[in-house]
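**Student:** Sequence and predicted structure below; questions after.
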Amino acid sequence: MGTNSGEGLTKTGHKEGQLRPNALGLVGVLFFVVAFSAPITAMTANGPIAVGYGNGIYAPAGFIFATIILTLFSVGFVAMAKHITSTGAFYTFVSRGISKPMGFGTGWLSTAAYISIEAALIGVLTVFVDTLMVDTFNVTLPWVVYALIAIFLIGFLSYKDISVAMKVLGVVLVTELFLLATMAFGVLFKGGGPDGLMLETLNPAKAFTSLPENFAGTGVAAGVAGIGLLFAFWSWVGFETTAIFGEESKNPRKIVPQATLIAVVGIGVFYTFITWMAVAGNGAAKAVELSAGATPFELLYTPMATYVGAWGVTGFQWVVVGGSFACALAIHNSATRYLFAFGRDGLLPKALGRTHPDYQSPYFASNVQTAVTLVVVVGAYVVGIDPYLGLYTVLAIFATVCLLSAQGLTALSCIWYFHVKKMHPETANVFKTMLAPAIGGLGCAYVVYLVLSNIDFATGGQGETAAIKILPWAVLAFAVVPTLLAIWWKSAKPNLYEKIGSSVFTHSD
């Protein structure tokens, strides 16, 4: 394994611009990926929307469908990961799979997504913290105070050796998984609520069933199946970050594929199980009524109190804060590594490609990411934007569309890499490198369609605001402008053009 970096050695003996090798094992990579997906935050925030406004009691089936599509995408993704290792992930895969211009555009889609997701998560984190502080300590502070504490703590942890952040993520992640599992198994062992275990909610064919009007006499308005699927897919954002940490893993050829498939399938099974038990624990009518009501978090809180006890609800309120923080920390590290990849390739200021002389962390890129998040969050507070309905919702939608678009292009690059460029014929396979990524890529495109066609609902009725109207155009700009710039570089600045996707660790490639 090698890198094309021609930089000298630092005082600790490692190459300048090289991340710390062998810093993460399989478990460490999984901690970052699963923390990025934020199980407790996803279940608390997305589950009620899927049940109350989407496919109703068939929300678990929606998660099964998402698991199938993302697993198919991952089959092609890991096939490329076996031959290409780079912290640039989607950026590098598409650069080498299709072309440098398309790779550059894909890289900016991913970078824009990760940069904005951290600010979005800081917004929702402050809402969870504020609720906890008011309910537990009767303390009320401006939300920006909680945001500043979180931003600087995340920046500090990311400045240090990556193993420090991994340990923090590990503690938080194990705690949130334990609490969610305790609730779910409590329901399972009691045989469910008033309607039993409701096995019919797991039928994948029901994933496309919309919640009917006045379901079971609840008076709840009809839902849209697409909304349930949208929020199911949304819950997975970040699983592809396994490739981002490839350079820092002990055996990227083995660990990245393993971590990706374990994360996708494992998260899918877990999400399906938790949603199934939340619906079954409440019973069909109550699950829908709570999810569509004024207190949607009760979809999980009610079975937690019933089958576990009041301590479970209190613990849940604390752990959802920790889970959201862990998610923001994982996102920060992902955004940092995209900025680092661009800096190391010379496509952004080279300072972004610096690594710390002691920790070998991409400290300069991390500091820049912290500064960007700080400006966005403080700016939102100054102009009076709501941290949840404004900051979180708008940026999360933007980031989701960016990432799903990047995933679709990556799926195409897999097919192109193995079957058009004829790279690594020993890996090329009709199912693994053609059919699976094709189906996965089409699935990603379908979810982008769901997001954009239901944009008003997904943003809480903000479809007519300027920020939402320009959202699709902003995504398009992040994809098209860098692509056109790279095409111009090819003739005007060939040396710069050649640097696109150049810092790659390869295996017989």
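**Tutor:** Nice, I can see it.

**Student:** going forward, measure contacts between C-alpha atoms and count neighbours the same way
**Tutor:** Fine.

**Student:** how about low-confidence regions in the stretch 51-200 of the chain?
**Tutor:** The stretch 51-200 of the chain contains residues with pLDDT under 70 at 87, 161-166, 169.

**Student:** show me where it has strands.
**Tutor:** 84-85 (DSSP state E, counting those that start in this stretch).

**Student:** Let me know the average pLDDT across stretch 235-253.
**Tutor:** Stretch 235-253 comes out with an average pLDDT of 75.

**Student:** make that stretch 303-317, sorry
**Tutor:** 91.

**Student:** and it, how far out from the chain's middle?
**Tutor:** The chain centroid and the centroid of stretch 303-317 are separated by 27 Å under Cα atoms, centre = their mean, to the nearest Å.

**Student:** cool, and stretch 54-72?
**Tutor:** 17 Å.

**Student:** ditto for stretch 301-311
**Tutor:** 28 Å.

**Student:** just for the stretch 351-500 of the chain, where's the confidence low?
**Tutor:** In the stretch 351-500 of the chain, residues with pLDDT under 70: 359, 458, 460.

**Student:** For Ala467, give its distance to Phe104.
**Tutor:** 25 Å (Cα to Cα, to the nearest Å).

**Student:** who has more neighbours, these two?
**Tutor:** Counted by other Cα atoms under 10 Å, Ala467 and Phe104 do not tie: Phe104 has more neighbours, with 31 against 15.

**Student:** can I assume Ala232 is in contact with Phe63?
**Tutor:** Yes: using Cα atoms under 8 Å, Ala232 is in contact with Phe63, at 5.4 Å.

**Student:** higher neighbour count, the two?
**Tutor:** Higher neighbour count among Ala232 and Phe63: Phe63, with 33 against 30, using other Cα under 10 Å.

**Student:** Enumerate every residue touching the more buried one.
**Tutor:** 229, 232-233, 268, 271-272 (Cα atoms under 8 Å, 6 or more residues apart in numbering).

**Student:** Give me the neighbour count for Leu404.
**Tutor:** 24.

**Student:** contacting residues around the nearest residue to it once chain neighbours are set aside?
**Tutor:** With Cα to Cα, 6 or more residues apart in numbering as the criterion, Leu404 has its nearest non-adjacent residue at 5.5 Å, and that residue is Cys444. Contact analysis of Cys444 by Cα under 8 Å, 6+ apart lists 404-405, 407-408.

**Student:** Distance from the chain centre to the helix or strand containing Cys444, please.
**Tutor:** Assigned by DSSP states H and E, Cys444 belongs to helix 436-453. Counting by Cα atoms, centre = their mean, helix 436-453 is centred 16 Å from the centre of its parent chain.

**Student:** After that helix, heading C-terminal, what element do we hit next?
**Tutor:** Following helix 436-453 in sequence, per DSSP H and E, is helix 455-458.

**Student:** chain center to that next one: distance?
**Tutor:** 20 Å.

**Student:** what does it contact?
**Tutor:** Outside helix 455-458, the residues that reach it (Cα under 8 Å, 6+ apart) are 227, 397, 451, 462-464, 468.

**Student:** neighbours of Val127, just the number please.
**Tutor:** Val127, neighbours per other Cα under 10 Å, totals 18.

**Student:** Distance check, it against Tyr146.
**Tutor:** Applying Cα to Cα, the value for Val127 to Tyr146 is 9 Å.

**Student:** do the same with Leu347
**Tutor:** Taken as Cα to Cα, the span from Leu347 to Tyr146 is 35 Å.

**Student:** Please apply the same query to Met198.
**Tutor:** 41 Å.

**Student:** neighbour-wise, which of the two wins?
**Tutor:** Neighbours were counted for Met198 and for Tyr146 using other Cα under 10 Å; Met198 has more, 20 against 17.

**Student:** Run through the residues that contact the more buried one.
**Tutor:** 192, 280.
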